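Q: Starting from these lines, generate the structure:
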Amino acid sequence: MKPVKRQWRGIAGFTIVELLTVISIIVILIGLLVPALNMVKRYAKKVSQKNQFHAIKIGLETYNAEWDGYPPSRENGDFCGAMKLCEALVGLDRRGFKPGSKFEWTLDWAMYNADVDLSDRRPYLTPDNSNAYALGNVNGPANTGPYDPKVPVICDMYPRVTNQDTGRLIGMPVLYFKADTTKTLNDYTKPEESIINYMDNMGLFGLKVAWDPGLTHVITPAIFYEQILNKNLPSTVPVRPYNADSYILMSAGFDGLYGTDDDVFNFGM
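A: Here you go, the predicted model:
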């Protein structure tokens, strides 16, 4: 009997050069796609931020129509502009606004944590969609400066901070500055005499960055007044901020830092 001759068929495969070529193409494609995806993500967040500012605007305009004036924003040691915005639109219990509030720090928190009669309350921003959290849940209970950590603020749409209670990501406080129509300046050296007063949220500007205590917000009066300057006015008109007859809303933007190039305002969006 003749021995059976085994015949081996070669299995076709990729060469090292071909594999490296494919891998290189994949790496290049990933390098092109990741920045594009990041841009899409940022754009989507900016759209969300624009929608939030629009909802806040409607709430403030309704408030103005009913109370013949916008909520105050002046910092008074216990409250800053961001807190006054939240109290006016959703209340300190985050469920409504109690008429007659003078934005004074005289609260019985046991009452606010209990079931209360909301018949005399009028929310100007839907509480469920207000994105309002206690300041201690945003910055941490030990990093709220002069403010009580239980005081709520409305947070922006850029999830940067971990909620101290739930662990979910939330945004930074939306800052609110009421325009003083009796003033005429937009001068960082004279904030008290300016239409918009930088000092209204200075306490928040000075806090450590929530997710990195080694970081500080880079905003200064000079940066802020340059950011809000209305550059569309003719040179013959005195320098003025945007929304000189109403208010300015400010978000820290994608990076969560106040004073950087990606800060978002309720103008120029």
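Q: hey, what's Tyr176 bridged with?
A: Leu249 (DSSP bridges).
Q: Might one say that it is in contact with Lys84?
A: Yes - under the criterion of Cβ atoms under 8 Å, Tyr176 makes contact with Lys84 at 6.8 Å. Bear in mind the C-beta positions are built from the backbone N, C-alpha and C, glycine included.
Q: quick one, which of these two is more surrounded?
A: Each of Tyr176 and Lys84 has its neighbours counted (other Cβ atoms under 10 Å); Tyr176 has more, 29 against 25.
Q: for Pro173, phi and psi?
A: phi -60, psi 140 (degrees, to the nearest 10).
Q: Likewise for Thr162?
A: The phi and psi values for Thr162, taken as degrees, to the nearest 10, are phi -90, psi 120.
Q: so what's it scoring on pLDDT?
A: Predicted confidence (pLDDT) at Thr162: the value is 92.
Q: Skipping its backbone neighbours, what lies nearest it in space?
A: Closest residue to Thr162 apart from its sequence neighbours, by Cβ to Cβ, 6 or more residues apart in numbering: Leu169 at 6.0 Å.
Q: Show me the shaky parts of the stretch 1-150 of the chain.
A: 1-14, 32-40, 93-122 (pLDDT under 70).
Q: go with 90
A: 1-46, 63, 66-68, 75-79, 87-88, 90-130, 142, 146, 148, 150 (pLDDT under 90).
Q: go on, the stretch 151-269 of the chain?
A: In the stretch 151-269 of the chain (pLDDT under 90), the answer is 151, 160, 164-165, 208, 210-216, 233-239, 268-269.
Q: all helices for it, in order.
A: 202-205, 221-227 (DSSP state H, counting those that start in this stretch).
Q: quick revisit: what residues are shared contacts of Tyr176 and Lys84?
A: Common neighbours of Tyr176 and Lys84 (criterion: Cβ atoms under 8 Å, 6 or more residues apart in numbering): Pro71, Ser73.
Q: Turn the helices of the stretch 151-269 of the chain into a markdown table, including mean neighbour count.
A: Shown next, in a markdown table, are those (neighbours: other Cβ atoms under 10 Å):
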| stretch | mean neighbour count |
| --- | --- |
| helix 202-205 | 21 |
| helix 221-227 | 17 |
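Q: Please convert those helices to CSV, extending it with distance to Ile25.
A: Below are the helices of the stretch 151-269 of the chain laid out as CSV (distance: least, Cβ to Cβ, whole Å):
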stretch, distance to Ile25
helix 202-205, 48
helix 221-227, 43
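Q: tell me the contacts of the nearest residue to Lys46 once chain neighbours are set aside?
A: The spatial neighbour of Lys46 that comes closest, neighbours along the chain excluded (Cβ to Cβ, 6+ apart), is Val264 at 6.8 Å. Contact analysis of Val264 by Cβ under 8 Å, 6+ apart lists Lys46, Gln49, Phe53, Asp156, Met250, Ser251, Ala252, Gly253.
Q: Please verify my assumption that the fifth one contacts Pro173.
A: In this case it means Met250. No - contact criterion Cβ under 8 Å: Met250 and Pro173 do not qualify, at 9.3 Å.
Q: So for those two, which sits in the more crowded spot?
A: Under the neighbour definition other Cβ under 10 Å, Met250 and Pro173 were set side by side, and Pro173 has more, 29 against 25.
Q: Now do the same contact list for that one.
A: When contacts are counted by Cβ under 8 Å, 6+ apart, Pro173 touches Ala82, Leu135, Val138, Val153, Ile154, Cys155, Asp156, Leu204.
Q: same check, this time on Met199
A: Glu75, Pro191, Glu192.
Q: all helices of the stretch 1-150 of the chain, in order?
A: Using DSSP H, counting those that start in this stretch, helices in the stretch 1-150 of the chain cover 16-67, 81-90, 109-113, 135-139.
Q: tell me the most buried of these?
A: Among the helices of the stretch 1-150 of the chain, helix 81-90 has the highest mean neighbour count (mean count of other Cβ atoms under 10 Å), at a mean of 27.
Q: Need the contacts of Pro173 in a markdown table (columns: distance to Lys231).
A: Below are the contacts of Pro173 laid out as a markdown table (distance: Cβ to Cβ, whole Å):
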| residue | distance to Lys231 |
| --- | --- |
| Ala82 | 26 |
| Leu135 | 33 |
| Val138 | 32 |
| Val153 | 29 |
| Ile154 | 28 |
| Cys155 | 29 |
| Asp156 | 24 |
| Leu204 | 26 |
